[in-house]
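Peer 1: next come a sequence and a model predicted from it.
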Amino acid sequence: MTLLELLVVIAILSVLLALVARSDWVAAFRLRSALSEARQAAALARTEAVRREAEAVLEVAGGGLRVFVDGNGNGQLDAGEPVLREFRLQGTAVEGGPWRFNGAGQPAGTGSLRLKAGRLEGLLCLRSGGAVEEVKGACN
């Protein structure tokens with residue numbers, strides 16, 4: 001192998017490594033952003049449940065998250081129930097939920113939301129007291 005061939009191989013490898021590094025950086029940014037949005041969605045659901053003295057639900061919907069007031073308490077969005085906000089999580093897959101909060105702001109149980117961006121993933125756990133915590137592994 002000549003010096004020129006070696007330099008060409010090094011240049012190609014450098015470009016490929018730069019693309020992979022950029023891809024991981026973008027995925028990490030998207031995951032951080034999605035985790036922040038999910039925390040905001042949980043805070044909105046809890047706050048609105050207290051403010052309206054009614055059950056509020058945070059659910060996975062359309063590739064993102066949706067917060068709505070559950071007037072009849074069935075855990076599903078029905079005609080006439082107000083959607084408070086929809087959170088679009090670009091480049092991030094989400095699974096888990098729904099999280100339900102009663103009129104006192106207390107969750108109807110514990111739960112989790114798993115978010116994935118590229119090869120990276122994050123896990124948010126809803127605790128029995130209503131706190132939302134990011135954990136590694138599984139919710140205990």
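Peer 2: Yep, it's here.
Peer 1: can you list the weak-confidence ranges in this protein?
Peer 2: Scanning the chain with the threshold set as pLDDT under 70 gives 17-23.
Peer 1: ok, 90 please
Peer 2: Confidence mapping of the chain against pLDDT under 90 gives the ranges 1-27, 62-63, 90-91, 97, 137, 140.
Peer 1: residue boundaries of the helices in it?
Peer 2: According to DSSP state H, the chain carries its helices in the segments 3-52.
Peer 1: farthest from the middle of it: give me that residue.
Peer 2: residue 2 (50.7 Å; C-alpha atoms, centre = their mean).
Peer 1: now that residue: how far from residue 8?
Peer 2: Distance, residue 2 to residue 8, using C-beta to C-beta, to the nearest Å: 10 Å. For every residue, glycine as well, the C-beta is placed using N, CA and C.
Peer 1: next one: residue 27
Peer 2: In terms of C-beta to C-beta, residue 27 sits 29 Å off from residue 8.
Peer 1: higher neighbour count, those two?
Peer 2: Relative neighbour count places residue 27 above the other of residue 27 and residue 8, with 18 against 12, counting by other C-beta atoms under 10 Å.
Peer 1: can you get me a residue count around the closest residue to that one other than its chain neighbours?
Peer 2: Distances taken as C-beta to C-beta, 6 or more residues apart in numbering put residue 118 closest to residue 27, at 3.2 Å, once the chain neighbours are dropped. Residues lying near residue 118 (other C-beta under 10 Å) number 16.
Peer 1: then residue 111?
Peer 2: 19.
Peer 1: tell me the bridge partners for the nearest residue to it once chain neighbours are set aside.
Peer 2: Closest residue to residue 111 apart from its sequence neighbours, by C-beta to C-beta, 6+ apart: residue 126 at 4.6 Å. Listed by DSSP bridges, the beta-bridge partners for residue 126 are residue 111, residue 132.
Peer 1: OK, contacts around residue 53?
Peer 2: Residues counted as contacts of residue 53 (C-beta atoms under 8 Å, 6 or more residues apart in numbering) are residue 103.
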